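Fold the stuff below for me.
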Amino acid sequence: MQDLDFQTHLIPCLSDNYAVLLHEAQSGQTVLVDAPEEEPILKALAEKGWTLTHILITHHHWDHTQALESIKAQTGAKVYGPKVSLDKVPQIDEGLEDGSEVPFGESGFLAMGTPGHTLDHISYWIPDAEMAFTGDAFFSLGCGRVFEGNLKDMWFAIDRIAKLPPETIIYCGHEYTEANGNFCLSIEPDNEHLKRRMEEVKSLRADGKPTLPTTMLEERATNSFIRANDPDVKKALGMEGKEDWEVFAEIRTRKDNF
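Model (predicted):
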């Protein structure tokens with residue numbers, strides 16, 4: 001396969017949401033991941049001069065879909081999303097399941113079922129671009145709150161994402177990094193990688209800049225949620241000998257009450 005030229009554009013929406021555009025120069029195709037807000041997304045497309053051809057929906061929550069009908073009508077882009085939520089998101093043209101593939105230019109996305117936050121949640125991995133789009137399943141220094149699934153499901157979802165190659169660039173659905181990191185420090189106060197990262201995060205936020213994207217290598221060293229299988233984290237929680245998902249459940253429960 002020829003070397004492909006991918007360009008991304010992160011779009012702040014609503015109060016703390018992100019949408020993402022991914023453009024492949026060879027084909028001229030452009031994908032939008034989630035549709036939180038119409039105006040900033042259409043403005044970004046116009047400024048870039050990109051024609052929207054695909055829309056990928058991660059899950060049915062309103063803050064990821066409320067602008068979908070309008071953006072689809074104005075661009076004619078084909079919409080892909082969870083098959084089980086066709087009744088909740090009727091704008092979806094092609095329903096996806098775990099393992100479904102979405103053709104994109106000279107490349108393609110793999111749909112990864114990542115239930116827990118919602119039962120229908122799908123994350124998208126595009127190996128040729130070394131990127132993943134994780135919606136509200138996996139956050140920088142965190143993970144989504146569990147609304148429809150259970151804690152065991154959520155652990156297996158984020159652990160699956162965590163097993164992507166370390167060079168994978170991660171885009172997620174919200175700007176929660178600083179709050180997540182403050183919590184992670186309560187779990188791992190002696191994690192030097194985490195302390196250094198939080199200095200960078202606080203500096204970025206003080207300047208009004210996004211903390212995304214992140215990388216899986218960075219997350220493996222600093223994200224306490226996916227580090228629930230690490231002996232040091234288990235020891236810090238007094239949970240040596242417990243199953244990984246049980247340790248994660250304790251961490252997620254603590255975050256819910258942090």
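
Enumerate every residue touching the residue positioned nearest the centre of the chain.
What sits nearest the mean C-alpha location of the chain, by Cα atoms, centre = their mean, is residue 134, with 2.2 Å. The contact partners of residue 134, by Cβ atoms under 8 Å, 6 or more residues apart in numbering, come to 58, 114, 123, 161, 170, 171, 172, 173. To be clear about C-beta, it is placed using only N, CA and C from the backbone, and glycine gets the same treatment.

Inside strands: which ones of those?
Of the positions in the contacts of residue 134, 123, 170, 171 sit in strands, assigned by DSSP state E.

Lowest-scoring secondary structure element of the protein by mean pLDDT?
Every helix and strand in the chain was compared by mean pLDDT, DSSP states H and E; the lowest is helix 231-236, with a mean of 94.

for it, packing partners?
Under the contact definition 3 or more Cβ pairs under 8 Å, 6 or more residues apart in numbering; DSSP states H and E, helix 231-236 sits against helix 244-256.

Give me the buried positions along the helix it packs on.
244, 245, 246, 247, 248, 249, 250, 251, 252, 255 (16 or more other Cβ atoms under 10 Å).

can I get these in JSON lines with distance to residue 32?
Putting these into JSON lines (distance: Cβ to Cβ, whole Å) gives the following:
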{"residue": "244", "distance to residue 32": "34"}
{"residue": "245", "distance to residue 32": "33"}
{"residue": "246", "distance to residue 32": "38"}
{"residue": "247", "distance to residue 32": "36"}
{"residue": "248", "distance to residue 32": "31"}
{"residue": "249", "distance to residue 32": "34"}
{"residue": "250", "distance to residue 32": "36"}
{"residue": "251", "distance to residue 32": "32"}
{"residue": "252", "distance to residue 32": "29"}
{"residue": "255", "distance to residue 32": "29"}
